[in-house]
Structures are given as C-alpha cells and as structure tokens.
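Asks: What follows is a predicted protein model with its sequence.
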Amino acid sequence: MDERFEVLRRNLALVEQRIQQACQRAGRRREEVTLVAITKYVPADTARILLDLGVRDLGENRPQELWAKAQAVPEARWHLVGHLQRNKIARTLPVVHRIHSVDSLRLLDALESQASQRGVDVLLEFNLSGEATKTGFAPEAWDEVIARLGSLRKVRVHGLMTMAGLNAGPDEVRNTFAQLRQMRDRYREMVGDSTAWPELSMGMSGDFEIAIEEGATLVRIGSALFEGLQT
Ligand SMILES: *Cc1c(COP(=O)(O)O)cnc(C)c1O
C-alpha cells in the first residue's frame with residue numbers, strides 16, 4: 001500500500017472532523033461547506049490520491065501548475081485561487097472549474113471578452129487586510145466593481161474571496177471574514193435577492209474553522225492535508 005495514501009487519509013480525516021465541528025458550532029450543515037484541496041505543495045500523482053479519497057475539488061494558486069495538474073488529473077474540478085495574468089486566460093479557461101481570484105477590472109473585462117459561450121464561473125477577490133503584498137480589490141473599489149457587473153454576460157460572479165492577514169491574530173482574522181460576509185450581505189440587499197452571491201471563499205489551514213463560523217462555503221486547505229508527506 002502506498003504510504004502517501006495512509007498519510008493523506010489520516011490528514012483528511014482530521015481536517016474533515018475539524019470542518020464538521022466548526023459547522024456544528026456555527027449551526028450549519030456540513031453540505032454548506034466545500035473543501036478545496038490546494039495541491040501546490042505536491043506533484044500531480046499525489047493530488048490524484050485525494051480523488052481516490054473522495055475529494056473532488058482541487059486547487060492551485062499558479063496558472064501553469066493548474067494547467068499541468070488539470071491535464072494529469074482531469075476528473076477533478078480545478079479551482080484557480082491565485083493571481084491570473086491576462087496572457088494566461090486562454091489556456092486557463094478550458095480547464096478551470098472556478099476562478100476564485102478575480103482581482104481587477106481589467107481581468108474581469110478580459111475574461112468577459114475571451115470566455116466562450118459556455119461562460120466562466122468566478123469569485124471576486126477583495127484585499128481586506130490592507131497588505132500590499134496581497135492581490136485583490138481594495139474595499140474602496142466596491143462601487144466601481146458593482147457598476148461593471150451589469151456589463152457581464154459570460155462571466156458569472158458567484159460570490160467573494162479573501163485571505164486573512166499574514167500575521168493576524170484570531171480576532172483580526174474573524175473580523176476580516178465577517179467583513180467579507182457583510183459585503184456579500186450588502187450586495188444581496190442592494191439587488192433585493194437574499195440568495196445572490198452564494199459563495200464565500202475564505203479560510204486556509206490555519207484559520208478555516210473561524211472562516212466556517214463566519215459563513216465560508218469554500219475553504220482552501222493545503223498544508224493541513226499534506227503535512228507529514230515524504231515528497
Ligand atoms: C496556498 C494557498 C492556500 C492554502 O494554504 P494552506 O495554509 O497551505 O492551507 C489557500 N489559498 C491560497 C490563495 C493559497 O495560495
């Protein structure tokens with residue numbers, strides 16, 4: 001038996017248990033939260049083991065890695081969670097299930113013009129921690145972003161994504177995630193649709209429980225799944 005399988009099985013069981021406990025604390029159903037396994041630390045054949053363990057949603061933060069792994073593991077739903085340069089849109093569209101990291105109006109426009117009739121499913125990334133190293137719209141860009149949504153035909157916006165600050169304590173992290181949820185709620189109020197923007201992509205290995213408590217529907221987990229692997 002492949003030793004990696006056992007390590008991943010054990011890590012996944014622990015992550016799954018923590019997800020369930022966070023759902024319980026928040027009074028949410030487990031089905032409301034999707035685990036997206038971020039495979040950037042491991043080769044494609046290790047990512048494939050996760051499929052065998054029942055994880056269908058895999059993610060990468062670099063487009064080139066996404067292309068390579070999506071080719072090697074085409075059965076997965078591949079999520080792009082990192083910055084997408086416009087010259088990489090064409091190769092990304094055919095293989096990506098969802099882009100979490102739409103972080104500029106230029107990218108939004110380029111996606112709209114390059115997407116096929118099939119369209120593309122995206123989330124809008126906001127930088128709420130104010131860290132200059134992080135991508136994402138500034139909260140101040142809100143009005144401009146909202147104004148652009150009306151021109152979209154092929155780009156389908158399903159919600160919002162954010163990352164907590166690198167050295168943020170738990171209170172600050174919770175505050176960031178709550179802020180993203182409040183932005184979503186503000187949008188719902190604005191369009192008069194309490195089901196609009198269903199997805200909130202927030203929470204990584206170090207903070208996914210807080211994210212679930214604050215309403216995350218997609219948690220992006222890497223290191224907690226792969227720790228202890230030899231590769
Ligand atoms: C790497 C990465 C993750 C996963 O981070 P871990 O802390 O390893 O769980 C989530 N989101 C993005 C955008 C990433 O780049």
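Replies: Okay, I see it. Residues are numbered from 1 along each chain as shown.

Asks: CA atoms for contacts and neighbours, from now on please.
Replies: Fine.

Asks: And the contacts of whichever helix in the chain runs longest?
Replies: Ranked by number of residues, the top helix in the chain under DSSP state H is helix 3-26. With contacts defined as C-alpha atoms under 8 Å, 6 or more residues apart in numbering, helix 3-26 is touched by 29-30, 46, 49-50, 53, 208-210, 212-214, 224-230.

Asks: cutoff 7 Å now
Replies: Applying C-alpha atoms under 7 Å, 6 or more residues apart in numbering, the contact partners of helix 3-26 are 29-30, 49, 53, 209, 212-213, 224-226, 228-229.

Asks: Got a ChimeraX select line for the buried ones in these?
Replies: With 16 or more other C-alpha atoms under 10 Å as the criterion, this ChimeraX line picks the buried residues out of the contacts of helix 3-26:
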select :30,49,209,212,213,224,225,226
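
Asks: Narrow the contacts of helix 3-26 to those in helices?
Replies: 49, 209, 212-213, 224-226.

Asks: in the longest helix of the chain, what counts as buried?
Replies: Residues of helix 3-26 classed as buried under the neighbour-count rule (16+ other C-alpha under 10 Å) are 4-5, 7-9, 11-12, 15, 19-23.

Asks: cool, stretch 54-67 as well?
Replies: For stretch 54-67, using 16+ other C-alpha under 10 Å, the buried residues are 55-61, 63, 65-67.

Asks: Can you point out the helix or strand that includes R156?
Replies: strand 155-161 (DSSP states H and E).

Asks: is the ligand contacted by that strand?
Replies: No - counting by C-alpha under 6 Å from any ligand atom, the ligand has no neighbours in strand 155-161; the shortest distance is 9.1 Å.

Asks: tell me which element G82 is part of?
Replies: Secondary structure (DSSP H and E) places G82 outside all helices and strands.

Asks: Now it: closest residue in space that isn't a chain neighbour?
Replies: Distances taken as C-alpha to C-alpha, 6 or more residues apart in numbering place N61 nearest to G82, at 3.9 Å, with adjacent residues excluded.
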